[in-house]
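*Asks:* Provide a 3D model corresponding to the input given below.
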Amino acid sequence: MKKSDRYILIMAGGRGERFWPVSREKTPKQLIRLLGDQSFLQQTVDRVLEVVPLENILIITNQAQTTEVKKQLPTLPAQNVIAEPCGRDTCAAIALGAALVAQRNPKSTMAVLPADHLIQDQKKFQRVMTDCFQMASSSDVLVTIGIRPTEPATGYGYIRTGPELSTDFGRAKGRTAFWKVRQFVEKPNLTKAKRFLKSGEYRWNAGMFVWSVETFLKALKEHQPQMADACSKWTELAKRPTALSRALKKDYPNIERISIDFALMEKASHVVMADGGFDWDDLGSWTALERHMKSDSHQNCCRGELVQLDSSGNIIFDARRKQGSPIALIGIKDCIVVQTDDACMIAAKSHDQQIKQLVQLLARDDRFQGLK
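*Replies:* Purely as a prediction, here's the structure:
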C-alpha cells in the first residue's frame with residue numbers, strides 16, 4: 001500500500017497526575033521532558049515519520065492542552081490537532097479520529113497510538129508498524145500489538161494468543177509474527193501474572209491498534225451502533241470545522257464513556273495480534289524512571305545536582321528552569337524527590353501510586369489551584 005493511504009491517530013489527552021509536580025493538567029506526561037530532550041509526544045511523532053507522511057498524523061487532545069501540543073509540533077498542520085470538548089474515554093476519541101480520516105480518505109488504513117510510551121528501538125518499531133499496515137489493509141481484521149512480558153506485571157492488561165497466522169510478509173522473511181487473539185484479560189493479580197508469564201501465551205496489551213477505516217466502521221456499527229451513528233455524522237461535517245465543532249460540543253457530553261477494549265476489541269471475532277518485538281515501557285509512575293536513568297554508587301538516580309550523606313535508593317528530579325543549585329539529602333532512603341519552580345514533592349517510593357490522591361487533595365484547596 002502507498003504511504004499516502006496510511007494515517008496515524010495519536011491519543012494525547014491525560015490529566016497530568018502521575019508525574020506531579022512536573023506534569024500538570026495543561027502539560028501532562030506526554031508533553032513534558034522526562035527522558036531526553038523531547039517530550040514523549042514529540043518522540044512519538046518522530047518515530048512514525050518513516051511510516052506515514054506528516055500531514056497524515058492526527059492528534060486527539062483536549063481544550064486545555066491544545067496550545068501546548070501545537071507549540072511542540074510547529075510543522076504539523078494546525079487542523080490535524082483536534083480537541084475533544086470533554087473526556088469520554090478511548091472509544092469516542094478513536095471514533096472521532098476515524099471520522100476525520102474517513103472524510104480525507106475512506107479507503108485508507110489507520111493506526112491508533114498512545115502519545116506517552118517510551119520506545120527506543122525505532123527501526124524495529126517502524127518495521128512492525130509497516131507489517132501491521134500491510135495486514136490491516138489486506139485483510140478484514142482489527143490488529144492490536146502485544147508486547148512480550150519481561151516480568152509478572154499487574155499494572156497492564158494482557159492478550160492471550162491463539163493460533164499463529166500465515167502471511168506472505170511474515171516471519172520467514174524476518175518480519176512480524178501475527179496470531180489470532182483468543183482472549184483479552186484485565187489487569188491480573190500477581191499469581192495470575194506469574195502464570196501468564198510462565199505459559200508464554202500472553203502479551204502485554206500496549207493499547208496500539210491498526211485497521212482499515214472500512215473494517216473499523218463496520219465493527220463499530222455492529223458492536224456500538226450509537227457511536228457509529230455519531231461517527232457517521234462527524235464524517236459528514238468534517239469538511240466544515242465550525243459545524244463539526246458545534247456538533248461535538250452538543251454530542252460529546254451524551255456519548256457513553258467506554259474504552260475501545262470494552263466497546264470493540266473484546267467483542268469482535270476478527271482480532272489479530274502482532275508481535276511487538278521492540279522495547280516498550282508505559283512509564284506509569286516516577287519509580288518507572290529507574291529503569292532508564294543511570295544510578296550512582298548509592299543507587300540514587302538523579303537529574304540535576306545532588307549532594308547527599310547516607311542517602312540511597314532515591315529518585316531525584318530537578319525540573320527548575322534555572323538549575324545549578326543542588327538538592328541536598330541527609331539520611332533519605334528509597335524516596336522520590338521532585339523540585340519545580342513552584343512546588344516540591346517528597347514521597348516514599350512505596351507510596352508512588354498515591355500521588356494521584358495528592359493531586360486531588362491539592363485541587364480541593366483554593367490556595368493551590370495553580371498547582372493542579
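
*Asks:* got the contact list for the residue nearest the centre of the chain?
*Replies:* Centroid check for the chain by CA atoms, centre = their mean gives residue 114 as the closest residue, at 2.4 Å. Neighbouring residues of residue 114 by CB atoms under 8 Å, 6 or more residues apart in numbering: 10, 11, 30, 44, 206, 207, 208. Heads up, the C-betas are built off the backbone N, CA and C, glycines and all.

*Asks:* Now residue 348. Its backbone dihedrals?
*Replies:* The phi/psi pair for residue 348 (degrees, to the nearest 10) reads phi -70, psi 140.

*Asks:* roughly how far apart are it and residue 150?
*Replies:* For residue 348, the distance to residue 150 equals 25 Å [CB to CB, to the nearest Å].

*Asks:* again, but for residue 287
*Replies:* 16 Å.

*Asks:* Between these two, tell me which one has more neighbours.
*Replies:* residue 287 (17 against 11; other CB atoms under 10 Å).

*Asks:* can you confirm the more buried one is in a helix?
*Replies:* Yes. Counting by DSSP: H, G, I helix; E, B strand; the rest coil, residue 287 is part of a helix.

*Asks:* What is the neighbour count of the closest residue to residue 46 other than its chain neighbours?
*Replies:* Leaving aside its sequence neighbours, residue 46 sits nearest to residue 38 (CB to CB, 6 or more residues apart in numbering; 7.2 Å). By other CB under 10 Å, 13 other residues sit near residue 38.

*Asks:* isn't residue 38 right next to residue 45, touching?
*Replies:* No. At 9.2 Å, residue 38 does not count as touching residue 45 under the criterion of CB atoms under 8 Å.

*Asks:* which element is the residue nearest to residue 46 on?
*Replies:* Taking DSSP states H and E as the definition, residue 38 sits outside all helices and strands.

*Asks:* same thing with residue 231?
*Replies:* Residue 231 is part of helix 225-237 when elements are defined by DSSP H and E.

*Asks:* residues near residue 257, how many?
*Replies:* By other CB under 10 Å, the residues close to residue 257 number 11.

*Asks:* Am I right that residue 286 is in contact with residue 336?
*Replies:* Yes. Assessed by CB under 8 Å, residue 286 is found in contact with residue 336 at 4.7 Å.

*Asks:* what's the overlap in contacts for these two?
*Replies:* Common neighbours of residue 286 and residue 336 (CB under 8 Å, 6+ apart) are 315, 317, 347, 349, 352.

*Asks:* ok, and the most crowded of those?
*Replies:* Highest neighbour count within the shared contacts of residue 286 and residue 336: residue 315, with 24 neighbours (other CB under 10 Å).

*Asks:* mind listing the helices in the protein by residue range?
*Replies:* With helices called from DSSP state H, the chain shows them at 40-48, 66-72, 89-104, 122-138, 190-199, 213-223, 225-237, 241-251, 260, 355-363.

*Asks:* buried stuff in the second one?
*Replies:* Going back to what we said before, that points to helix 66-72. Residues of helix 66-72 classed as buried by neighbour count (16 or more other CB atoms under 10 Å): 66, 68, 69, 72.

*Asks:* Compute the inter-axis angle for the longest strand seen in the chain and helix 213-223.
*Replies:* For the chain, the longest strand by residue count, based on DSSP state E, is strand 202-212. Going by axes from the mean of the first three to the mean of the last three CA atoms, to 10 degrees, strand 202-212 is angled at 110 degrees with respect to helix 213-223.

*Asks:* first to last residue in stretch 244-261, what's the distance?
*Replies:* Start and end residues of stretch 244-261 are separated by 26 Å (CA to CA, to the nearest Å).

*Asks:* hang on, residue 314 packs against residue 334?
*Replies:* Yes. Counting by CB under 8 Å, residue 314 sits close enough to residue 334 to count as a contact (6.8 Å).

*Asks:* neighbour-wise, which of the two wins?
*Replies:* Shown here are residue 314 and residue 334; by other CB under 10 Å, residue 314 has more neighbours (25 against 14).

*Asks:* what's near enough to touch the more buried one?
*Replies:* Contacts of residue 314 (CB under 8 Å, 6+ apart): 299-302, 308, 329, 332-337, 349.

*Asks:* Please convert the buried members of these into PyMOL selection syntax.
*Replies:* Buried residues within the contacts of residue 314, by 16+ other CB under 10 Å, are selected in PyMOL with:
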select buried, resi 300+301+302+308+329+332+335+336+337+349
